[in-house]
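Chemist: Okay, sequence plus prediction incoming.
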Amino acid sequence: MELINRSAHRGRSRKDFIYKIGLAEEEADESLYWLNLINAFNSIQESIIQPLIKEANELTAILTTIWKNSKL
């Protein structure tokens, strides 16, 4: 999680922080999309892909919560 927030923490303003967290959330969600696509075509063993999908879901949820709460 710290690696994702590194850029956001370097934000010059609250607005910049919110923008960067939003970008990180979009990237996590896109990664989840591709992982699900790979999984749909059975390109990788289930035991390898499922933990990655789980983590991508968790990161997307965390970043979405941070983004929403930061906008308050």
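Modeler: Noted; the coordinates are in hand.
Chemist: Could you use CA atoms for every contact and neighbour count after this?
Modeler: Noted.
Chemist: Point out the other helices and strands that the helix or strand containing Glu55 packs with.
Modeler: Glu55 belongs to helix 46-70 when assigned by DSSP states H and E. Packed against helix 46-70 by the contact rule (3 or more C-alpha pairs under 8 Å, 6 or more residues apart in numbering; DSSP states H and E) you find helix 14-40.
Chemist: Just the mean pLDDT for the helix it packs on, thanks.
Modeler: What helix 14-40 shows for mean pLDDT is 92.
Chemist: I'd like to check what contacts the helix holding Glu55. Which residues are they?
Modeler: 1, 18, 21-22, 24-26, 28-29, 31-32, 35-36, 39 (C-alpha atoms under 8 Å, 6 or more residues apart in numbering).
Chemist: farthest pair in those?
Modeler: Pairwise distances across the contacts of helix 46-70 (C-alpha to C-alpha) peak at 31.4 Å, for the pair Ile18 and Asn39.
Chemist: So those two - more neighbours on which side?
Modeler: Neighbours per residue (other C-alpha atoms under 10 Å) separate Ile18 from Asn39, with Ile18 holding more: 20 against 17.
Chemist: Name the residue closest to the centre of this protein, please.
Modeler: Residue closest to the average C-alpha location in the chain (C-alpha atoms, centre = their mean): Ala28, at 2.5 Å.
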